[in-house]
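Engineer: quick check, what structure comes out for this input:
(chains A and B)
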Amino acid sequence: MSRGPASLAWRRLRGNHVALAAAAVFILIVAFVLAAPLWSSGVADTGPNATHTVEKVEVDGKQREVVSPNGTPIGPLWFGAGGKFFLGADGRLGRDEMVRLMYGGRTSLLIGILAGLLATVLATVAALLAGFYRGWVDAVISRCLDLAWSFPVLLLGIALGAALAVGGLQVGPIEISSGSILLPILIIGTVFTPYVARPLRGEVLALREREFVEAATAQGAGPLRLMLSELLPNLWSTIIVFFTLVVANSMLLEASLSFVGVGVQPPNSSWGAMISSGFKLLYTTPLLTVLPGLMILLTVLSLNIFGDALRDALDPRSRVRLEVEAHTGRYEPGSEVA
Amino acid sequence: MARFVLRRLAGMVLVLFAISVIVFVIFNVIPNSDPAQRMAGKEATPQLVAAITEEWGFDEPLPVQYLKTMKLVFSGELVSYSSGLDVDEQILEGMPATLSLAIGAALIWMFFGIVFGYLSAVRAGGLTDRALTILAVIGISMPVFWLAAIFLYYLTYKVELFPASGYVPLTENPLDWAYHLVLPWVTVAILYVGLYSRVLRSNMLDSMDAEHVRTARAKGLGERQVMRRHVLRNSLIPTVTLFGLDFGAAVGGSALLTETIFSLHGVGQYAIESTLGLDLPPIMGVTLYAAFFIVFFNALVDIAYAYLDPRIRLGSSAR
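Structural biologist: Presented below is the predicted three-dimensional model:
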């Protein structure tokens, strides 16, 4: 019995224990952030933005201040207060760090996934158009993508974030207010589009020369059908791998943007924004900086490892090449080393 | 060669123009609020807003606005309206710290990238090899500013190994300069060492089977000489290409955040502090200059390549 490429890939992936462990870690993290309302109402009995500045909490029969008079928040109580302030409070405002970590993770993951989706969809469309029509369409699209290379990702994100932070964005009837998390999603998704589009375009260009495209054309397939039912199915494996890696990178960029104040805006929070506020208390409560960063590291690491393995499973030949691209986001003839 | 350089420079000028248009569009066209109000900063008086509208030409057609904006940026008249400071002066002042960080970090990551890459290629599958794979993937999975903050807490505060912050000019005291920069250098370099060694390793493994290597062995060269002269040398080319691309990204990316955490008072910290205050003129200046720097740097790398490898310049002019 012959096996399809998907089933072969799955067999290779199944044998890769590191990749499976990474996938498990990622699923655990998703479960962790999805459980936020349960923990919030069932255990901690407080919301992510509820302040407890002057309150006291009973720990093993003793009353303790959530925030001491000099502004230092209470440390992790674990289950000392029945799960309240499991990881301590987050600063002067005395918010529950554990609850914030769970809700913040929702924002971080949501932005990462949606921005990744946006970048992949935009890139696929651009790559299909450029690779299919070639000629001037390709020239225009490729030059635009080239231009984006000249900007460091972070700086472009910061420039867009800062410019849009005051009045938000209005395109025709669509208006996005400056505090909305749609704004970072849009910015991050746009910034990463060229890095996915360029290698995809190369692939479309190569696929277009293959016999099956010629066969479909001979059967009378129009451009749309050629692109969607002939070319696109052959791009899926690359798209899926890139999606994983772009989600990882989007989460990192979100963290950086939020760290400098142009990403997620209060009252929303994210792991990056939490590092930013925790950093102010680095010398008294380092945990507030360490924890959200550790969550980002775990999530991004699991995605990177899984994406890496997925690529190996789908195309064992392309190992380092994509790693380089995912990191630098560049696809240059010189960096094609696999 | 001269023709290649000219072509490359002409292309560069076009790209620079396009970039300036993009920056202009990002700051003055896309956002949904009065641009003068935005430029003026948080505490703007109506007089200031009116003066800015006049100076930047916000009530005039877009091409005029564009010209006025570029004139402001490149004549050195760009001013932060919230702090009153001249943007170009601030950027120039921050350059030594930023370049010290970026160049130092680049030297470290290239050096260790090559050493580790060489070692792991020679003993593929060994301990070094595996450790580097792990380092490479962790390196690209961390927010760099977080790593910087962790170093700051554990290595300057918990264990007082390094000075906490600040930049000492090289001309003032070279030892102190290096001492203050060690941690920031390591922070930036760590992200790249794993990656670079992996790239070099895979290149070396590929070229080990190449014919010129077989020839070298056949004529009786020792293993070490074969590896160094024939395998390593040829494998360095893609690594150097990657470096040309990454260096610009490092200056405008990881170095930006790292120098902020370590208070090096460089261009990056200036940009980040302006961002926190939503002070747009400095952000605009830094973005534009950084993009220009990267384009310029890439052109230099290309030209250096064409000089070193005739195939490149012949290939381009034949196209």
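Engineer: OK, contacts around residue 256?
Structural biologist: Picking chain A for this. A:154, A:157, A:263, A:272, B:143-145, B:257 (C-beta atoms under 8 Å, 6 or more residues apart in numbering or on different chains). Placement of C-beta: from N, CA and C, glycine included.
Engineer: the chain in question should be chain B.
Structural biologist: Contacts of B:L256 (C-beta under 8 Å, 6+ apart): A:152, A:154-155, B:267-268, B:271-272.
Engineer: let me know the helix or strand that it is in.
Structural biologist: For B:L256, the host element (DSSP states H and E) is helix B:254-261.
Engineer: show me which positions of that helix end up buried.
Structural biologist: B:254-261 (16 or more other C-beta atoms under 10 Å in any protein chain shown).
Engineer: give me the pLDDT for the closest residue to A:M274 other than its chain neighbours.
Structural biologist: Closest residue to A:M274 apart from its sequence neighbours, by C-beta to C-beta, 6 or more residues apart in numbering or on different chains: A:P292 at 4.0 Å. Looking at A:P292, its pLDDT is 96.
Engineer: is it true that A:P292 touches A:I275?
Structural biologist: Yes - if you go by C-beta atoms under 8 Å, A:P292 and A:I275 touch, sitting 5.0 Å apart.
Engineer: okay, the two: which has more neighbours?
Structural biologist: For A:P292 versus A:I275, neighbours defined as other C-beta atoms under 10 Å in any protein chain shown are more numerous around A:P292 (31 against 27).
Engineer: ranges for the strands of the stretch 51-200 of chain A?
Structural biologist: In the stretch 51-200 of chain A, the strands defined using DSSP state E, counting those that start in this stretch lie at A:56-59, A:62-65, A:169-171, A:174-176.
Engineer: ok, which of those strands comes nearest chain B?
Structural biologist: Nearest to chain B, of all those, is strand A:169-171, at 4.0 Å by C-beta to the nearest C-beta.
Engineer: which residue, other than its chain neighbours, is closest to the closest residue to chain B within the stretch 151-300 of chain A?
Structural biologist: The nearest approach of the stretch 151-300 of chain A to chain B comes at A:G167, 2.5 Å away (C-beta to the nearest C-beta). Nearest non-adjacent residue to A:G167, counting by C-beta to C-beta, 6+ apart: B:S33, 2.5 Å away.
Engineer: and for B:V137?
Structural biologist: Counting by C-beta to C-beta, 6+ apart, the residue nearest B:V137 is A:N304, at 5.4 Å.
Engineer: what do you get for A:L155?
Structural biologist: Closest to A:L155 by C-beta to C-beta, 6+ apart is B:G252, at 4.7 Å.
Engineer: what's the answer for A:G75, then?
Structural biologist: For A:G75, the spatially nearest residue (C-beta to C-beta, 6+ apart) is A:G88, at 4.5 Å.
Engineer: wait, isn't the one you found in contact with A:A81?
Structural biologist: No - with contacts counted by C-beta under 8 Å, A:G88 stays clear of A:A81, the gap being 10.7 Å.
Engineer: which of the two has more residues huddled nearby?
Structural biologist: A:G88 (22 against 18).
Engineer: phi first, then psi, for the more buried one.
Structural biologist: phi 90, psi -170 (degrees, to the nearest 10).
Engineer: got it, and B:T171?
Structural biologist: phi -70, psi -20.
Engineer: rewinding a little: which one of the contacts of B:L256 sits in the busiest neighbourhood?
Structural biologist: That'd be B:A271 among the contacts of B:L256, by other C-beta under 10 Å, with 33 neighbours.
Engineer: so that one is in contact with B:V286, correct?
Structural biologist: Yes - the criterion here is C-beta under 8 Å, and B:A271 meets it with B:V286 at 4.3 Å.
Engineer: what residues are shared contacts of the two?
Structural biologist: What both B:A271 and B:V286 touch, as defined by C-beta under 8 Å, 6+ apart, is the set A:L155.
Engineer: quick one: residues contacting the residue nearest to A:G167.
Structural biologist: B:S33 neighbours (C-beta under 8 Å, 6+ apart): A:166-168.
Engineer: returning to what we had before: as CSV, the contacts of B:L256 with distance to B:A131 and pLDDT would be great.
Structural biologist: CSV is the format used below for the contacts of B:L256 (distance: C-beta to C-beta, whole Å; pLDDT from 0 to 100):
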residue, distance to B:A131, pLDDT
A:P152, 29, 82
A:L154, 28, 88
A:L155, 32, 88
B:V267, 34, 91
B:G268, 30, 89
B:A271, 35, 91
B:I272, 33, 91
